[in-house]
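A.B. asks: Provided below are the primary sequence and the corresponding predicted coordinates.
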Amino acid sequence: MNVTLKHLQVFKTIIDCGSYHKAATSLELAQPTLTAAVKNLERELGVSLIDRSTRNIKFTPAGKELYTHLPAIFERLEIALNSAKDVAYGGGGSISVGYIDFAMLGPLPEILTKFRAINKKVHVDLNFISSRNQIEAVYKRSIDLGFIMSNDNTLPDDLCSKPISREGLVAVLPPNHRLSSSSAIKLDDLKDADFVMGDSTWSGFNNLVIRLCTSRGFQPRIRETAHLREELLSLVMAGLGTLIYPECIENTSRFGLKIVPITDVKSIVTTSAVWLKRANNKNLTLMLNQIDDY
């Protein structure tokens, strides 16, 4: 497919300006050139992008779908070009970082703050990815650095790792729960409770919780699952179940929920940074300098 950025820029500008004439003026091109560019783009895609049955510029459903993706494409292009210029002049560039929620509620924000204070021109691309998928992404160089729950994850020989936090567990309870006034509980105090848990993205942590419950003689009764932390907390607030979470949950908004330590589970959740041994991104080395204190 021979679609160029020029084709996309012309199409986007026509839609943004609302007319071929204004777009031609904005791009400093002749109007027939714009018309030809759009026709070439439509021919390459095999679909109509602009509805020519009306006097006003309107896109077809296919044109609308294409248009929704263009701002992000041109934003990424600008970042790439600026990074290339910065590197050429001795700085800048980018680093791609994967993370799980435990890292973002834990040391990761402080790590990023220190890194950005020293490396102001470096673009940090953050991606919320499951631990298992982060390992694969680091190995395949899709991301430069991952922050994973390392308890159950075996790393390939080519990957390095460094723990940045170790935490115990807490129970997140609605305000009217029978245990919400407790200063601390044991895990088997929850044996008759309904649970809310993360979806398959959280499988590593879910498996850990299930194993711990099984070792206390009960299977957790999972009533609801969700993808995001805010969704999980909302489910607890709705009274649909109890959430077991690492202690870092205390660093976020609680929506009036009660957080009670589980005293018979010590520092069991380990969050680690992982990276490729043979990586050649200089910004990775700069980022790793910020985790030496953990």
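C.D. replies: Noted; the coordinates are in hand.

A.B. asks: Confirm Ile148 sits in a strand?
C.D. replies: Yes. Ile148: assigned to a strand according to DSSP: H, G, I helix; E, B strand; the rest coil.

A.B. asks: How many residues are close by it?
C.D. replies: Ile148: 27 surrounding residues under other CB atoms under 10 Å. Any C-beta I mention is one placed from the backbone N, CA and C, and that applies to glycine too.

A.B. asks: How about Leu240?
C.D. replies: Neighbourhood size, Leu240 [other CB under 10 Å]: 17.

A.B. asks: ditto for the one 5 residues further on
C.D. replies: Around Tyr245 sit 28 other residues, with neighbours defined as other CB under 10 Å.

A.B. asks: same for the helix or strand encompassing it, what does it pack against?
C.D. replies: Applying DSSP states H and E as the criterion places Tyr245 in strand 243-246. Packed against strand 243-246 by the contact rule (3 or more CB pairs under 8 Å, 6 or more residues apart in numbering; DSSP states H and E) you find strand 169-173, strand 194-198, helix 229-237.

A.B. asks: following that strand, which helix or strand shows up next?
C.D. replies: strand 258-261.

A.B. asks: helices or strands up against that next one?
C.D. replies: On a contact count with 3+ CB pairs under 8 Å, 6+ apart, strand 258-261 meets strand 169-173.

A.B. asks: strands paired with the strand it packs on, and their directions?
C.D. replies: strand 243-246 (antiparallel), strand 258-261 (antiparallel) (DSSP bridges).

A.B. asks: before we move on, back to that, and the strand holding Tyr245, average pLDDT?
C.D. replies: For strand 243-246, mean pLDDT is 97.

A.B. asks: List the buried residues in that strand.
C.D. replies: Neighbour-count burial for strand 243-246, counted by 16 or more other CB atoms under 10 Å, picks out Leu243, Ile244, Tyr245, Pro246.

A.B. asks: before we move on, what about stretch 23-39?
C.D. replies: For stretch 23-39, the neighbour count (16+ other CB under 10 Å) marks Ala23, Ala24, Leu27, Leu34, Ala37, Val38 as buried.
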